[in-house]
Structure formats: structure tokens, C-alpha cells
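**Q** sequence first, predicted coordinates after that:
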Amino acid sequence: MIPVVIPADLWEGEIEGAVSAWLFADGDAVRAGDLIAEVMVEKTSFDVTAPAAGILRIRVPAEQPFKRGSIIAAIA
Amino acid sequence: MTATATILPNRTRRNLTIAKAMAEAIAQEMRRDDSVLVLGEDIAALGGVFGNTRGLLDEFGPARVRDTPISETGFIGAAVGMAAVGLRPVVELMFVDFFGVCMDAIYNLAAKNCYFSGGQSPVPLVLMTSVGGGYGDAGQHSQCLYGTFAHLPGMKVVVPSNAHDAKGLMIRAIRDDNPVIFMFHKALQGMGWLGTVQGSITDVPEDAYEIPFGQAAICRAGNDICIVSLGAGVHLALDAAQSLGEEGIAAEVVDLRTLVPLDRATIIASTAKTGRLLVVDEDYQSFGVSGEIIASVVESGVALKAPPRRIAFPDIPIPFSPALEHPALPSAAKIVATARQIVRAGR
């Protein structure tokens, strides 16, 4: 399992982000580099790409807040 | 050997939000044609409050991607003037609700100049604007106003329901010599704070492609009732069709995609096949899209098994309170209940 981690330096401070859109469903096959999610922090959007090829396992559903550095998914 | 071959696309699947699909369409047209430029409030540095111009400033610079002051009267008028002298501006009216202060430039100048000049002075403008409610933004930030724009001659009106269509319709809109009002529903943009309808995120080809105006899409086939909708309503209709299917009612769902031109042929053919019609429209009920569609079907003389029905927003200002707003909006539950009544009435 390769974790999909939100980098701890993606934004500053203790504010929380959330996945605004999962672009693949849990259990979908993805390729390394595929755009798999968009993360919103306040009104800024970040792209999240797959770190490896495999099956996407979503850990944090859309619109559920998390802190920077969190694991939001895994690639099995 | 198997009897049926599996057909694989000659490319890998790529899912995008409508916001990204719009930005990609605009970027591809800007690369192709130097006369295409973008302007509006917060569309440059921020990338648009709805994400649909993200990345454009970095690639094309501030001369072609311009943040404007908060004066729709000024910058919509400027965009109409730019289009009249040969540029192809894509201008954002952040919320369609704000049309009041810039409507003269839109419906009296942009919409009519081509006709007044005998075709010598077209206005190739794209006005993209967010529509729709459901997230508690009250009566001046939640309207659809589809009928308001579709009613006035001289403008084309586009309402995508998914990312694939949004890209193809945007490219078609930019290449069109007429003013095009591109109305994108906030619930479908893929922006978390507005909620995201998962069905709006679809596979989008990387190449530039056009979706012709005036061609509705049949998103789900069925023989018992035709449900016609547009924008976010398409997804409510699809959810309802799924539930109806489980109780033995096969609903056909028609996504209009464009209001002007309106694909009456597809609506009439679908209603002729099913004998029943339900229109789902988040715009105000009276004098609008739902009435026009029902009138078009009735005028065609198609034999109906039951009176046509509609689910639209009641003729009231949109409430701020979710407890008041949500019951006023179309919903899958309302569609299921109404479709059931229509089918039973027609037996």
C-alpha cells in the first residue's frame, strides 16, 4: 500500500483542507501521475496526483476536513 | 473467441471537473487564436472563484487574462466592444444574478448588432456565468435565469451538465460568431464549498473538440416516460430514473445541453415514444423553460397518454434558510413522485 499524503508544507497554519472532488471512485485502477483529487483550502485549489499505479483506496471522503500532512488515500 | 469484442478507447481515461474542463477549453482556444482573451472579477490571479480560469494567467499573461474592477457595467460593456471590433472575449459574470447592471450591453448591443448591421458586424462574445442554488446563498446569488436569457433573440444559451460536454460546448462557443451565454451550475463545478455532484465529473479527451449546439443528449433510454432537464437537474433526473427503474418504470432522460438553439426534435421524439412528459427546471416556473418545452410538445400534436407535468422553482425569491430553500428546489424525490403519478394516470 502506497499512501497518498497531503504534503505538510502544502499550506501554512492549522486551517483544514478538504477534498472538493475525487476524480476516481474507490476501487478504480489509476496510473502513476493521474489526477485523482482536487483539494480546497479556503478558496485555493490544489491538484493531487497518484504516486503509483494500482487500485485507489479512498480514506477521506469528499468534503471531510483534514490537516496538512494527512493521508487521504492509498494505492494498493 | 467471443461473440462481442471489447472496444477500448485509443487513449487512457482522464476524469475532470467541469471547472477544469472549461479552463482547458479556453486555454486550447487561446493557443489556437490570439484574438481570444478572458476578463472578469477574480478570474486571473485567483483562477476564478469557480475554478474555471485556473492556470490561464500563468500561461497567457495579464494582457490576455484580465482581472477587472467590480463593475459589471464597465467590463461587460468593454467585452461587448472588444467583440464588436474583432476580438473574441470570454467574459465572466460571476453570478448570473448580477446581470441587471450590464443587461443593456448584453441584450440590446451584443445580441442585436449582427442583425442591425446586416451581418457585417457580428459580436463573437462568450459570457460565462454561474447559476443555481442549494447552498444557502440567498435570492441574489442562487438564481438560474435560464428563461430570461433564452427568451431574448440574438444570443445562444448553453447549459452543460458534465465535464465532457462543458469542454466541447465551450470550444464551440468561442468559435461561434454570435454571442453565447454559457451558464454553468455551481453544484457541478467540483468546488467543495458548493457541494459536488459526482456525475458531473466525466472522462474528457485531451484534444480540442466541439459539441454542436442544438443537439440534446439522451442520457438514459426508457419507454415509459420522458424526463427533460438541463444542468444540475439532469443528475436529479438520472437519480430518479434509477429509483423508478427499481419499481418497474423505465424513464428516458433528455439533457438539453443548449436552450438556444433548442433541440425540439429530440424532445418530441422521446415524448412520442413514451407518451408521457415531465420537465425538471431549477429556474422559476412561470413564463420559462418548462412552459416552452411543454408548449413545443403539445403544439407538435404528439399523442400523450397523460397531461405533461413540470417541476420548477416556485415563483418566489430564493430563500436564504436551507429549511426554506431545499423544499422549493427540484429533487430526485419530487421527480420520482411526479413521474409515478403521470405513469399511473396514463394507464
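**A** Done, it's in. Numbers count the residues shown, from 1 in each chain, chains lettered A, B, ... in the order given.
**Q** next one: phi and psi at B:H185?
**A** phi -80, psi 130 (degrees, to the nearest 10).
**Q** so it sits right up against B:G132, yeah?
**A** Yes: judged on Cβ atoms under 8 Å, B:H185 makes contact with B:G132 at a distance of 4.2 Å. The C-beta positions use only the backbone N, C-alpha and C, and glycine is treated the same way.
**Q** so what sits against both of those two?
**A** Both B:H185 and B:G132 are contacted by B:144, B:231-232, B:282, under the criterion Cβ atoms under 8 Å, 6 or more residues apart in numbering or on different chains.
**Q** from the residues you listed, which two are the most distant?
**A** Using Cβ to Cβ, the two most remote members of those are B:C144 and B:A232, lying 9.0 Å apart.
**Q** residues that sit against both of those two, list them.
**A** What both B:C144 and B:A232 touch, as defined by Cβ under 8 Å, 6+ apart, is the set B:132, B:185, B:282.
**Q** list the contacts for the second one?
**A** Read that as B:H185. B:H185 makes contact with B:130-132, B:144, B:159, B:161, B:231-232, B:282, according to Cβ under 8 Å, 6+ apart.
**Q** ditto for the last one
**A** The neighbourhood of B:E282, defined by Cβ under 8 Å, 6+ apart, consists of B:131-133, B:144, B:185, B:231-233, B:312-313, B:329-330.
**Q** and if we set it to 10 Å?
**A** B:131-134, B:142-144, B:146, B:185, B:187, B:229-233, B:236, B:289, B:311-313, B:318, B:328-330 (Cβ atoms under 10 Å, 6 or more residues apart in numbering or on different chains).
**Q** and what of the first one?
**A** Contacts of B:G132 were listed using Cβ under 10 Å, 6+ apart, and they are B:95-96, B:141-146, B:159, B:183-189, B:194, B:231-233, B:282-283, B:318, B:329.
**Q** likewise A:I72?
**A** A:3-6, A:17-19, A:22, A:36-37, A:39, A:48, A:58-61, A:64, A:66.
**Q** name the helix or strand for A:A73, please.
**A** Assigned by DSSP states H and E, A:A73 falls within strand A:71-75.
**Q** partner strands of that strand, with direction?
**A** strand A:2-5 (antiparallel), strand A:54-58 (antiparallel) (DSSP bridges).
**Q** how many residues are close by A:A76?
**A** 11 (other Cβ atoms under 10 Å in any protein chain shown).
**Q** quick check: it touching A:I55?
**A** Yes: with contact defined as Cβ atoms under 10 Å, A:A76 counts as touching A:I55 (4.5 Å).
**Q** and the shared contacts of B:C144 and B:A232 as a markdown table, adding pLDDT and distance to B:V298?
**A** What follows is these, written out as a markdown table (pLDDT from 0 to 100; distance: Cβ to Cβ, whole Å):
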| residue | pLDDT | distance to B:V298 |
| --- | --- | --- |
| B:G132 | 96 | 28 |
| B:H185 | 97 | 28 |
| B:E282 | 98 | 22 |
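**Q** which one of those residues is nearest chain A?
**A** B:H185 (14.5 Å; Cβ to the nearest Cβ).
**Q** tell me where the stretch 101-250 of chain B has helices.
**A** If DSSP state H, counting those that start in this stretch is used as the criterion, the helices of the stretch 101-250 of chain B fall at B:103, B:111-116, B:146-151, B:163-175, B:232-246.
**Q** quick one: average pLDDT of the following helix or strand past the longest one?
**A** The element immediately downstream of helix B:232-246 (helix or strand, assigned by DSSP H and E) is strand B:251-255. When pLDDT is averaged along strand B:251-255, the result is 98.
**Q** returning to that earlier point: out of the strands paired with strand A:71-75, which comes closest to A:R31?
**A** Taking Cβ to Cβ, strand A:54-58 is the member of the strands paired with strand A:71-75 nearest to A:R31, at 9.0 Å.
**Q** near chain B, which residues of chain A are found?
**A** A:17-25, A:28-31, A:34-36, A:38-45, A:47, A:62-65 (Cβ under 10 Å from any Cβ of the partner chain).
**Q** repeat the analysis, applying 6 Å as the threshold.
**A** Proximity of chain A to chain B, by Cβ under 6 Å from any Cβ of the partner chain, involves residues A:18, A:20-21, A:23, A:40, A:45, A:63.
**Q** now those in a markdown table, with neighbour count, pLDDT and secondary structure?
**A** Shown next, in a markdown table, are these (neighbours: other Cβ atoms under 10 Å in any protein chain shown; pLDDT from 0 to 100; DSSP: H, G, I helix; E, B strand; the rest coil):
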| residue | neighbour count | pLDDT | secondary structure |
| --- | --- | --- | --- |
| A:A18 | 18 | 91 | strand |
| A:S20 | 25 | 89 | strand |
| A:A21 | 28 | 89 | strand |
| A:L23 | 26 | 92 | coil |
| A:M40 | 20 | 88 | strand |
| A:S45 | 23 | 82 | strand |
| A:E63 | 14 | 86 | coil |
